[in-house]
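Visitor: Give the three-dimensional model of this entry:
(2 chains)
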Number of protein chains: 2
Amino acid sequence: MTSHRCLNIENINPHIKEAEYAVRGELAVRSEEYRARLARGCTELPFDQIISANIGNPQQLQQKPITFFRQVLSLVEYPALLEKEDVLLNQLGYKPDVLERARWLLKSVGSVGAYSASNGVPAIRESIAKFLERRDGHPAEPKDIYLSAGASSGVNTLLHIISDKPTAGVLVPIPQYPLYTATLSVLGSKCVPYYLDESKGWGTDIDAIKGAYKIAEKKGIDVRAIVIINPGNPTGASLSIEDIEAVITFAAENRLVILADEVYQTNVFKGKFYSFKRILRDLQKSNPDKYKHIELASLHSVSKGMVGECGHRGGYFELVGFDPEVQQQIYKFVSITLCAPVIAQCLVELMVNPPQEGSPSYELYKKEYDEIFTGLKERAFALYEAFKQMDGVECDEPQGSMYLFPTIKLPIKAVEAAKKEGRSPDEFYAFRLLDATGICIVAGSGFGQKEGTLHFRTTFLAPGTEWVDRITKFHRDFMAEFQ
Amino acid sequence: MTSHRCLNIENINPHIKEAEYAVRGELAVRSEEYRARLARGCTELPFDQIISANIGNPQQLQQKPITFFRQVLSLVEYPALLEKEDVLLNQLGYKPDVLERARWLLKSVGSVGAYSASNGVPAIRESIAKFLERRDGHPAEPKDIYLSAGASSGVNTLLHIISDKPTAGVLVPIPQYPLYTATLSVLGSKCVPYYLDESKGWGTDIDAIKGAYKIAEKKGIDVRAIVIINPGNPTGASLSIEDIEAVITFAAENRLVILADEVYQTNVFKGKFYSFKRILRDLQKSNPDKYKHIELASLHSVSKGMVGECGHRGGYFELVGFDPEVQQQIYKFVSITLCAPVIAQCLVELMVNPPQEGSPSYELYKKEYDEIFTGLKERAFALYEAFKQMDGVECDEPQGSMYLFPTIKLPIKAVEAAKKEGRSPDEFYAFRLLDATGICIVAGSGFGQKEGTLHFRTTFLAPGTEWVDRITKFHRDFMAEFQ
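Guide: I've put the predicted structure just below:
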């Protein structure tokens, strides 16, 4: 059959075949099949619900959208509602600042059905710049900000620009969100892995970075950039000022572009978030010569945080210290796909400029925001407590992001059974968990892990504790079976 | 300065530097600068308004969104409104079918803030399959449909899969929408141009295709696919059944994937739209052996037609006859960027399944749809009449899409003046037009044109005739200046 076709598995782009993206891989596909069977009324499965703990998708797991955001979006989608101010205010519970914001956005955007400028609506870029100035205490310029369809699309743009030849390499933390390795595979350039230090709460280990860089150099790889995910995915770790300074210094010494994936900047339970931009500008003040020529791209998104609007595909990146000619090429590249979804651009604006104290929508916004934050934290700790009780599982205290990334030690018989199925032991464990409980996690091998260690990543987004009990019971049965 | 930087124009991805995308190029950037100056109150320009006739962006040029679509979207963005059914129906003018559709979408999607499956919401893919069955009279399967962020993102996916090596080539019509050449440049694979026949209303000339294929073969290019834009962009031409059959037969004989860009399928004033899928299935019925193994990908979008919702970035492609293993790789590739914007997926559903006769929203929907269609046609003909009067301009009767693509013959002095500025004559003309009138068009060289010919592309979206008069006057002055 295959041989008659123009396109078969042997003659398509080999770089795409090489790319791996476990977060939505075979396990996730099987979980969707189970979900479809349950929806069709199937009663033969040992569970009645799928818990997608494989991906940070808050609103799939019953996180409610923030009211202010969605009220504004309803008005920019259907501006005729603004002609019924009285009905909106008195019968539908919209506050005056909702109407005001919608009017301002419509004035800035025109119709959300029209293409915007390739780098995003100018007024929205201005609003983001103001947010960055408030956050960092340093100037930010609208011309350096590019709206994107989620942070993923921004990463895609930046890695495209950087990857100039097959020997171009990018330092990527391991474990990592597999977007980075997958995109580098598609581009045919090199991932240069550096390991995070599990013994220090998954911190960034500058010696590990230096070691990885040296090995890559010896292999003839031209290392051009370093990716930092802060707070970490899948680890949740927040970098200290010292760690950030060490990375910036290393980048300065080795002429590396810094890609700071900061999408979890508000998902912090432990420590504090410091942006790379802020620390870079501080360093530049104290030592202008040494840090003059650093190029930093930092990414943010509406998908995570307490916003959780990943289905809207909104985000942006800010470029710091980039050559104007290179920025022109970035502009051209993003213009080929025209612009980020305009309604998502509006959502980015709402995220960076939410209701302020004293404004009519503030109280509800604050309440909703805090409840989401508290809920995430409580669920993270409930899961952590459960993991602590489990034989062969070790888990750090929750730090942030939306994930826990425990170590598991599996019995030798389980390792052998996995081998027979042609799977890594952690994958084998994850498939067994899904088949038994309907809970979909991602095996540690999907993010990378040190040789000889096993992990899995689970979100702590699903409400309730019943599903945690299901994991505990499964784990006990699994260990008993293979002991 | 440049040399200190990690990234400079000499060491970024050379494929990106090579890519050209005139639709949003230097001219469009200058027009945005003028727009910003006007917005700041500048009175020194010889015009008080920018007309962006460079890009099919209907809602920027005052095309109103269809009420039914936007009412539904307002409800899926803010579902709490559905609890106030009485207010919606009696005070805000929503009809019962709007509420019903919003409820169905919310049931199918969950929250529009949640990621969907990588290939799109299952129920929306089912709805698209039903639309395709009604349109073509042949079966369609949801599993073969992939939601995308506009058709551009679908083209990007398909060209990624096909481009397996630097000698891989794709037949592209000239003139063409530059997305194709730009994406092939980024991928480092080869554009194999075939010229459309201007003397036959920009029809597809099978001999030109065969000739282009032979030349490419001789150069060692492995031609793997053929792109057809039907109705044409920038030309507006609709292919006849015979032309489509000829292309399919050629593809069958030479084992080429067919990429049918059918985003203008409802923008047809002259002739009739036949989908490639329909003609392929008809051929397969009458001659199963010969046409058994054709692989066709056809693309559609919410950006064009009477929908005009390009800012939402919604679209889909259908795969016909693709190898399941290849489809798995396509699924993996699209999963790396997670999913198309979910609100745009909803809009795709509304486009393919609009209110039907007898339903409460039908009358208004039909009125709005017809008015947009009639308006486009009237403006196309008004522009065409103006071009007919202009010295040195030749234009075919409007056929469809959103564009006219007249030939221009410029005086030798203008050609020389262009040379001095380092521009092609048609670019020179386009810059002069922008500087004098604020009207932004795209030079024919941005789409490709036969050696020695000059053209420009303009949309006919801008309302009124005053801007057409501005073109006429500019052209007269320009010709007088360089005669």
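Visitor: contacts and neighbour counts: CA atoms only from here.
Guide: OK.
Visitor: In the stretch 1-150 of chain A, which residue sits nearest chain B?
Guide: residue A:13 (3.7 Å; CA to the nearest CA).
Visitor: correct me, but that residue touches residue B:167?
Guide: No: contact between residue A:13 and residue B:167 fails when scored by CA atoms under 8 Å: they sit 12.0 Å apart.
Visitor: quick one: the helices in the stretch 1-150 of chain A?
Guide: Applying DSSP state H, counting those that start in this stretch to the stretch 1-150 of chain A gives helices spanning A:14-18, A:26-39, A:67-77, A:85-90, A:96-109, A:122-136, A:150-162.
Visitor: Residue A:348 is nearest to which of those helices?
Guide: Proximity to residue A:348 (CA to CA) singles out helix A:122-136 among those, at 8.0 Å.
Visitor: Off-centre distance for the one helix or strand residue A:183 maps to?
Guide: Assessed by DSSP states H and E, residue A:183 sits inside helix A:179-187. Centre-to-centre, helix A:179-187 and its host chain are 15 Å apart (CA atoms, centre = their mean, to the nearest Å).
Visitor: immediately after that helix, which helix or strand?
Guide: Next element after helix A:179-187 (DSSP H and E): strand A:190-195.
Visitor: list the buried ones in that next one?
Guide: For strand A:190-195, the buried set under the neighbour-count rule, 16 or more other CA atoms under 10 Å in any protein chain shown, comprises A:190, A:191, A:192, A:193, A:194, A:195.
Visitor: and if you look at stretch A:209-217?
Guide: A:209, A:212, A:213, A:216.
Visitor: Please apply the same query to stretch A:235-251.
Guide: For stretch A:235-251, by 16+ other CA under 10 Å, it's A:235-241, A:244-251.
Visitor: and which of those residues is nearest residue A:223?
Guide: Out of the buried residues of stretch A:235-251, the member with the shortest distance to residue A:223 (by CA to CA) is residue A:251, at 10.5 Å.
Visitor: so the closest one is in which element?
Guide: For residue A:251, the host element (DSSP H and E) is helix A:241-254.
Visitor: Next up, the contacts around residue A:293.
Guide: By CA atoms under 8 Å, 6 or more residues apart in numbering or on different chains, the contact set of residue A:293 is A:252, A:321, B:4, B:5.
Visitor: Tell me how far it lies from residue A:253.
Guide: 10 Å (CA to CA, to the nearest Å).
Visitor: likewise residue A:175?
Guide: Distance check for residue A:175 against residue A:253: by CA to CA, it reads 25 Å.
Visitor: I'd like to check which residues are in contact with the closest residue to chain B within the stretch 101-250 of chain A.
Guide: Closest to chain B within the stretch 101-250 of chain A is residue A:164: 3.7 Å, counting by CA to the nearest CA. Residue A:164 sits next to B:11, B:12, B:13, B:14 when contact means CA under 8 Å, 6+ apart.
Visitor: filter the residues you listed to the buried ones?
Guide: Neighbour-count burial (16+ other CA under 10 Å) applied to those gives B:12, B:13, B:14.
Visitor: Ignoring the adjacent residues along the chain, who's closest to residue A:6?
Guide: Nearest residue to residue A:6, sequence neighbours excluded (CA to CA, 6 or more residues apart in numbering or on different chains): residue B:255, at 5.4 Å.
Visitor: thought the one you found was touching residue A:8?
Guide: No: in this structure, residue B:255 is not within contact of residue A:8 by CA under 8 Å, at 12.0 Å.
Visitor: Can you report how many residues lie near residue A:16?
Guide: Residues lying near residue A:16 (other CA atoms under 10 Å in any protein chain shown) number 21.
Visitor: Could you verify my assumption that it touches residue B:329?
Guide: Yes: here residue A:16 lies in contact with residue B:329, judged by CA under 8 Å, at a distance of 7.1 Å.
Visitor: what's near enough to touch the residue lying closest to residue A:147 once chain neighbours are set aside?
Guide: Leaving out its chain neighbours, the residue that sits closest to residue A:147 by CA to CA, 6+ apart is residue A:316, at 4.1 Å. Going by CA under 8 Å, 6+ apart, residue A:316 touches A:145, A:146, A:147, A:148, A:149, A:150, A:151, A:154, A:299, A:300, A:301, A:348.
Visitor: Would you reformat these as TSV and include neighbour count and pLDDT?
Guide: Formatted as TSV, the contacts of residue A:316 follow (neighbours: other CA atoms under 10 Å in any protein chain shown; pLDDT from 0 to 100):
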residue	neighbour count	pLDDT
A:145	24	98
A:146	26	98
A:147	33	98
A:148	31	97
A:149	26	96
A:150	31	93
A:151	26	94
A:154	25	96
A:299	25	98
A:300	25	98
A:301	31	97
A:348	31	98
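Visitor: now, which of the residues you listed lie within strands?
Guide: Using DSSP state E, A:145, A:146, A:147, A:148, A:299, A:300, A:301 are the members of those that sit in strands.
Visitor: neighbour-wise, which of residue A:175 and residue A:253 wins?
Guide: For residue A:175 versus residue A:253, neighbours defined as other CA under 10 Å are more numerous around residue A:175 (26 against 12).
Visitor: ok, that one touching residue A:443?
Guide: No: at 11.1 Å, residue A:175 does not count as touching residue A:443 under the criterion of CA under 8 Å.
Visitor: Tell me how chain A divides into domains.
Guide: For chain A, the structural domains run A:14-62+A:368-482, A:67-106, A:115-352, going by the TED database.
Visitor: quick one: residue A:228 is in a helix?
Guide: No: counting by DSSP: H, G, I helix; E, B strand; the rest coil, residue A:228 falls outside a helix, being strand.
Visitor: can you count the residues close to it?
Guide: Neighbours around residue A:228, by other CA under 10 Å: 23.
Visitor: Also the one 5 residues further on?
Guide: Neighbour count of residue A:233, defined by other CA under 10 Å: 27.
Visitor: got a list of what it touches?
Guide: With CA under 8 Å, 6+ apart, residue A:233 has these contacts: A:175, A:176, A:177, A:401, A:403.
Visitor: Swap in 7 Å and give it another go.
Guide: A:176, A:177, A:401 (CA atoms under 7 Å, 6 or more residues apart in numbering or on different chains).
Visitor: Once you drop chain neighbours, what's closest to residue A:35?
Guide: residue A:50 (6.0 Å).
Visitor: can you pull the contacts of the one you found?
Guide: A:31, A:35, A:438, A:439.
Visitor: So which of these wins on neighbours?
Guide: The residue in the contacts of residue A:50 with the most neighbours, by other CA under 10 Å, is residue A:438 (27 neighbours).
Visitor: What is the three-state secondary structure of the residue lying closest to residue A:11 once chain neighbours are set aside?
Guide: Nearest residue to residue A:11, sequence neighbours excluded (CA to CA, 6+ apart): residue B:164, at 6.6 Å. Here residue B:164 is coil, with the state taken from three-state DSSP.
Visitor: what ranges do the helices span in the stretch 201-350 of chain A?
Guide: Under DSSP H, counting those that start in this stretch, the stretch 201-350 of chain A gives helices at A:206-218, A:241-254, A:276-286, A:288-291, A:324-336, A:342-352.
Visitor: Torsion angles phi and psi at the closest residue to residue A:222 other than its chain neighbours?
Guide: Leaving aside its chain neighbours, residue A:222 sits nearest to residue A:168 (4.9 Å; criterion: CA to CA, 6+ apart). Dihedral pair for residue A:168: phi -70, psi 140, per degrees, to the nearest 10.
Visitor: Residue A:269 too?
Guide: Torsion angles, degrees, to the nearest 10, at residue A:269: phi -100, psi -30.
Visitor: same question, residue A:13
Guide: Backbone torsions of residue A:13, given as degrees, to the nearest 10, read phi -50, psi 110.
Visitor: try residue A:272
Guide: Backbone torsions for residue A:272, taken as degrees, to the nearest 10, come to phi -150, psi 150.
Visitor: In contact with the spatially closest residue to it that is not a sequence neighbour, which residues?
Guide: Using CA to CA, 6+ apart and skipping residues adjacent in sequence, the residue nearest residue A:272 is residue A:238, 6.7 Å away. By CA under 7 Å, 6+ apart, the contact set of residue A:238 is A:230, A:231, A:232, A:271, A:272, A:273.
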